[in-house]
Every structure is written in structure tokens, then in C-alpha cells.
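Participant: the following block contains a protein sequence and its predicted model.
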Amino acid sequence: MVQVVDDANTQQEMEAFYRDRCERAVAGFLRKRLNAFYVPDRKAALAKALELIPPGASIGRGSSVTLEQIGIMPVLRQSGQHEILDPSAKDDRGLPVASGEEEDMDMRRRALLADVFLSGANAITLDGKVVCTDGTGNRVAALIFGPKKVIIVAGVNKIVANLEEALRRIHEVVVPLCHRWDVLKHHAAPEYYLETPCVKSGQCNDCTSIGRGCCYTIIIESAKHPERDVAKRGGKPYPSEYLARTNIIIVGEELGI
């Protein structure tokens, strides 16, 4: 029997392509001793993230469209098992839970010492690097030190070939789109965000604009080798908890900005 092929439907081919790309990125991270997992879609990403969160752990988070899309924060709140430190949280009226700038910044600081920190990523590379940029710096700070465990969720659209492409993606795609998102969804001041050079031209000008959102950039390149600094630790290797700190869930679906 001859199989009929729909020339207008490329879904199977795209799924296979995405899976291959995600698995190559996973291999790159595992080679660097960073925990990485491939999941096919946002539903599986939610299940994997919840699996990685210990019962009763306090949870901080960075601002992330991807986290909103997989729906993890409502599930964690409804469980009642965790202290949630979420500067992005809104009440039933859609207003920020934090009452003012001082409380917002205090919550961001407390999230730096949470048991688990949740985040998206601006770019991940096929050879195993996570690249993230911030305007305030609280998210990137938590990714590199502070919380006992970090869980990063990234869609296949975040995968790039190398560090150069990662930085280009951040400056020419992520920051301009985030500025537009802030204005449209969060009612941020358009006179600041829409007037930045990258929004107006689509190119980075290394600006000093008041609306600049790429102030702090970090690159996660590897986890420490378990034998590193053994002599300084009296012959003891690093605790397994430390070595399992960074967890990257790569999703075979386009998510986030």
C-alpha cells in the first residue's frame, strides 16, 4: 500500500529536526557536567521541572515568558508546599503582589537564597553554554550562585550554534522583543523602551539609553569537576548536591522570546 504524503504538512519533519537539535544541545551540556534533559513539549517540561523540585523547597524565580507558558507557577502555588518568592506575581486583579519598589527589590534579594531558582534562558548553544542577560541583574546573579538548585527551561528556538550567535540573538532579537512586550503587556513607559536604538533599528548600538535592558550578561559554561580543589577540602570531593545544581530542560517546542 502506497503511503499518501501531505506535501503541505511538515510537522513530522519539524518534530524530528527539533528533537535532533535539542538532543545535540543536551549532549553538549552533559559533556560539561551540567544536567540537561530533552522533553518534547511544554506539558512534559512542566512535569520534568516539578520532578526536580524537592518537597517543601522555597522557590525563587526570574522573569520568564517560558515559565508562564508551561504554567509552573500556578501549580506550585496551588500545591501549598512551597514558599514562593516571585517578584512577577500578580493578584486576582492583575496587580503586582509586591507593594512598591522597596518590597519588590526585597523579594528579589530573598530569591537569591531560595532552595530552588526557576528561570528561562535567552540563548543556549549546541556546545553546552547558557547565555542570559538582565536589566536589574537579580536573575543572572541567582543562576551562577546562591540558590541550591537552578532549573532553566528553554524552548528549541533558544538554541544557537555558538556564543557569537547567542549574543547576537540577545541584542538583536531578545532585547527589542522584550521591550515591546513590556510596553504592550506590562504597560511600561513607551518613551523609554520603544526609543532604544535596538527597538528602532533592529541592531545593537551598545547604547547608553535610559531604557537599556542588557546591563548584566552571564555565560554558564560548565560545572566544576568533582576532583577540583580536593586538596583544599582535605581530600573530600565536592558534595553531589553542588554538582547537580544546574539543570537545563530543553523543550522541542518554541517557547518564550
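Facilitator: That came in fine, so what should we check first? Residues are numbered from 1 along each chain as shown.
Participant: contact partners of the strand or helix carrying A27?
Facilitator: A27 is part of helix 11-31 when elements are defined by DSSP states H and E. Helix 11-31 has contacts (Cβ atoms under 8 Å, 6 or more residues apart in numbering) with 35-38, 40, 124-129, 156, 159, 248, 250-253. Where you see a C-beta, it was placed from the backbone N, CA and C, and this is true even at glycine.
Participant: among these, name the buried ones.
Facilitator: The neighbour-count test (16 or more other Cβ atoms under 10 Å) marks 35-38, 124-129, 156, 159, 248, 250-253 as buried among the contacts of helix 11-31.
Participant: need the helices for this structure, in chain order.
Facilitator: Using DSSP state H, the helices found in the chain span residues 11-31, 42-52, 65-70, 72-79, 101-111, 138-144, 163-169, 175-186, 190-193, 197-201, 240-243.
Participant: so which of those is nearest S209?
Facilitator: Taking Cβ to Cβ, helix 197-201 is the member of the helices of the chain nearest to S209, at 6.6 Å.
Participant: neighbours of L184, how many?
Facilitator: 10 (other Cβ atoms under 10 Å).
Participant: so what's A123 closest to, chain neighbours aside?
Facilitator: A166 (3.7 Å; Cβ to Cβ, 6 or more residues apart in numbering).
Participant: again but with S209, I slipped
Facilitator: Using Cβ to Cβ, 6+ apart and skipping residues adjacent in sequence, the residue nearest S209 is T196, 4.5 Å away.
Participant: go ahead and confirm that neighbour touches T208.
Facilitator: No. Contact criterion Cβ atoms under 8 Å: T196 and T208 do not qualify, at 10.2 Å.
Participant: okay, the two: which has more neighbours?
Facilitator: Between T196 and T208, counted using other Cβ under 10 Å, the more crowded position is T196 (21 against 7).
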